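Colleague: here is a sequence with its predicted model. Questions after.
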Amino acid sequence: MPAFQTLPGFREFYPDALARRNHIFRVWRHTAGAFGFAEYDAPVLEPLELYKTKSGEEIETQLFNFTDKGGREVALRPEMTPTVCRLVGDKAATLKRPIKWFSIAEFYRYERMQKGRGRCFFQFNADIFGEPGVEAETELISLLVQCLCGFGLDEQDFYVRLSDRNLWFYYLEALGLDEPRSRAVLTAVDKYEKIGDDAFKPYAAQFGSALDPAIKEKVLAFLQIKSLEALETALAPFAATAAKLGARLDDWKKLLGNLSAMGLEKYISVDLGVVRGLAYYTGFVFEAFDRKGELRALAGGGRYDNLVGRLGYADMPAVGFAIGDMTFALLLEQRGLMPAFVQSPEVYAVIGGPQERLAAFADIHAIRASGFRVDYPMKEMAFGKQFKAAAESGAKLALIYGSDELAKGVVKIRDMAARTEQEVPRQNILATVRDFLTAA
Ligand code: HAM
């Protein structure tokens with residue numbers, strides 16, 4: 001048994017695995033660019049205080065924290081949201097709004113390990129600061145959908161559950177609950193899907209008596225709402241007395257209307273069962289799941305209008321989400337959407353003897369210097385083996401440097417997929433390779 005192993009839940013990325021990870025990051029980065037988001041980065045180690053009470057109890061118990069040599073209480077970041085709030089808060093006066101930012105970074109949570117959950121994982125975070133209206137949610141939910149569709153996933157593969165903590169609070173207020181009781185009910189709602197009625201036990205313990213059965217019945221019925229129409233029906237009795245509920249329903253109509261205009265309604269499912277565990281969410285909240293319901297959440301996010309203010313800066317409206325890399329990679333693999341060759345050479349040179357090798361070197365270097373990926377066997381090898389290596393490498397083209405070809409001043413180019421070959425004068429090799437690969 002070797003002396004040192006990775007710590008439980010930590011991951012090593014051998015080249016194949018890193019190529020797959022990079023492929024995912026490349027598509028996310030490209031998609032964020034298409035939506036006009038700018039990339040930022042920040043420290044991996046932060047003051048412990050940044051997460052205490054800000055992120056919520058669950059994350060607090062999962063922190064990797066310690067005292068550094070200077071006696072500071074520090075933690076490896078479990079999420080990006082408090083950090084990005086600090087970045088924005090610090091420069092709020094000079095940043096042009098709306099601020100649309102994204103990052104791809106590694107996070108650490110001391111969690112129980114399960115399929116799709118580790119103790120270190122990557123997230124793609126996207127956030128918008130400075131926009132109080134549903135335009136921000138529209139932008140972020142459409143970005144989330146595209147970050148998944150960009151790999152070939154579609155509405156058969158995943159969906160986004162959309163809910164609203166504001167609506168819940170207004171509704172519970174209309175039912176006569178005060179804020180502490182409403183919070184306790186929302187905590188129960190968050191757990192209800194997993195543990196059923198036991199989710200309401202902490203409420204009874206906190207307030208000395210169980211939630212009024214008539215109210216509980218209404219809460220459980222509200223939880224079942226799956227459409228805008230059902231929501232309107234449920235809220236109709238309060239139309240005269242609770243103006244906030246009516247205004248909120250208008251926000252729902254606008255957001256769903258915007259997403260429908262983009263053709264995205266097929267991805268969205270109204271679902272008030274989602275309330276999100278993290279402490280800072282204030283309004284719309286959403287989570288993405290695989291349709292088959294086999295995997296844990298792919299992504300989660302929502303509005304958090306108070307967090308920048310709670311960190312000591314001027315208040316700033318904010319919405320954002322994060323997609324995790326682990327569940328997402330599992331889904332791509334399940335659906336056969338992880339490409340087989342993510343870091344393959346584009347061109348593979350098949351070389352005869354030592355003389356041909358020198359000719360090949362001249363061309364290989366020129367093609368590489370033009371930015372194309374070229375590989376070749378380091379040692380002399382039989383042609384058959386080299387063709388096998390070319391096929392296994394995933395290259396689109398093979399360049400064949402045999403003595404007959406060189407005597408004629410040509411190189412044979414094989415299109416690996418079409419299995420066709422043509423002879424090209426050596427001085428035209430680079431142009432031919434470029435034309436082929438840029439057209440491919
Ligand atoms: P979260 O729901 O805690 O939200 O995490 C978002 C996603 O990160 C999850 O849906 C999951 O895919 C992934 N994830 C979380 N924990 C783990 C883990 N232990 N192992 C593997 N993957 C994990 C947040 O973190 C919020 N800060 C998102 C956000 C950004 N809200 C606003 N802006």
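Modeller: Sure, I can see it.
Colleague: who in this structure is up against the ligand?
Modeller: Within reach of the ligand by C-beta under 6 Å from any ligand atom, the chain has these residues: 79, 81, 109, 111, 117-118, 121, 123, 125, 127, 278, 297-301, 320-322, 324, 326-327. Where you see a C-beta, it was placed from the backbone N, CA and C, and this is true even at glycine.
Colleague: what subset of these is buried?
Modeller: 79, 81, 109, 111, 117-118, 121, 123, 125, 127, 278, 297-301, 320-322, 324, 326-327 (16 or more other C-beta atoms under 10 Å).
Colleague: in strands, which of those residues fall?
Modeller: Among these, the members found in strands (DSSP state E) are Phe121, Gln123, Asn125, Asp127, Ala299, Gly300, Gly301, Gly320, Phe321, Ala322, Gly324.
Colleague: and stretch 425-440, what's buried?
Modeller: Arg426, Ile429, Thr432, Val433, Phe436, Leu437.
Colleague: what about it, average pLDDT?
Modeller: Per-region confidence: stretch 425-440 scores 95 on mean pLDDT.
Colleague: for the helix or strand of the chain with the lowest mean pLDDT, give me every contacting residue.
Modeller: The least trusted helix or strand in the chain, going by mean pLDDT, DSSP states H and E, turns out to be helix 57-61, with a mean of 79. Helix 57-61 has contacts (C-beta atoms under 8 Å, 6 or more residues apart in numbering) with Tyr51, Lys52, Thr53, Pro78, Glu79, Arg109, Gly277, Leu278, Ala279.
Colleague: go with 7 Å
Modeller: With contacts defined as C-beta atoms under 7 Å, 6 or more residues apart in numbering, helix 57-61 is touched by Tyr51, Lys52, Pro78, Glu79, Arg109, Gly277, Leu278.
Colleague: for that helix, which positions count as buried?
Modeller: Ile59, Glu60.
Colleague: please pull up the helix or strand immediately following it.
Modeller: strand 65-67 (DSSP states H and E).
Colleague: run the chain-centre distance for that next one.
Modeller: Offset of strand 65-67 from its chain centre (C-alpha atoms, centre = their mean, to the nearest Å): 28 Å.
Colleague: what's the span of stretch 262-277, first residue to last?
Modeller: Counting by C-alpha to C-alpha, to the nearest Å, you get 29 Å between the two ends of stretch 262-277.
Colleague: model confidence over that stretch, on average?
Modeller: 93.
Colleague: check stretch 369-379 too.
Modeller: 97.
Colleague: any idea how far that stretch is from the chain center?
Modeller: For stretch 369-379, the distance to the chain centre is 33 Å (C-alpha atoms, centre = their mean).
Colleague: mind listing what's buried along it?
Modeller: Phe372, Arg373, Val374, Asp375, Tyr376.
Colleague: list the ones among those that fall in strands.
Modeller: Val374, Asp375.
Colleague: which one of the buried residues of stretch 369-379 is nearest the ligand?
Modeller: Arg373 (31.2 Å; C-beta to the nearest ligand atom).
Colleague: quick one: contacts for the closest one?
Modeller: Contacts of Arg373 by C-beta under 7 Å, 6+ apart are Pro345, Glu346.
Colleague: any idea how far it lies from Ile24?
Modeller: 19 Å (C-beta to C-beta, to the nearest Å).
Colleague: what's the answer for Asp415, then?
Modeller: 29 Å.
Colleague: more neighbours: these two, which one.
Modeller: Using other C-beta atoms under 10 Å as the criterion, Asp415 and Ile24 rank with Ile24 on top: 22 against 14.
Colleague: give me phi/psi at that one?
Modeller: phi -60, psi -50 (degrees, to the nearest 10).
Colleague: isn't it up against Asp325?
Modeller: Yes - the criterion here is C-beta atoms under 7 Å, and Ile24 meets it with Asp325 at 6.1 Å.
Colleague: residues contacting Ile367?
Modeller: Applying C-beta under 7 Å, 6+ apart, we find Ile367 in contact with Val347, Val374, Leu430, Val433.
Colleague: tell me, how many residues neighbour Lys388?
Modeller: Per other C-beta under 10 Å, the neighbour tally for Lys388 reads 12.
Colleague: tell me the mean pLDDT for the helix or strand containing it?
Modeller: Following DSSP H and E, one finds Lys388 within helix 383-393. The pLDDT scores in helix 383-393 average 95.
Colleague: before we move on, what about stretch 163-176?
Modeller: In the prediction, stretch 163-176 has an average pLDDT of 93.
Colleague: and the contacts of that stretch?
Modeller: Stretch 163-176 has contacts (C-beta under 7 Å, 6+ apart) with 182, 185-186, 215, 218, 222, 238, 241-242, 244-245, 248, 271-272, 274-275, 281-285.
Colleague: list only buried entries from these.
Modeller: 182, 185-186, 218, 222, 238, 242, 245, 248, 271-272, 274-275, 281-285.
Colleague: now, these that are in helices?
Modeller: If you go by DSSP state H, those have Ser182, Val185, Leu186, Lys218, Phe222, Leu245, Arg248 in helices.
Colleague: of these, the lowest pLDDT goes to which?
Modeller: Among these, Leu245 has the weakest pLDDT, 89.
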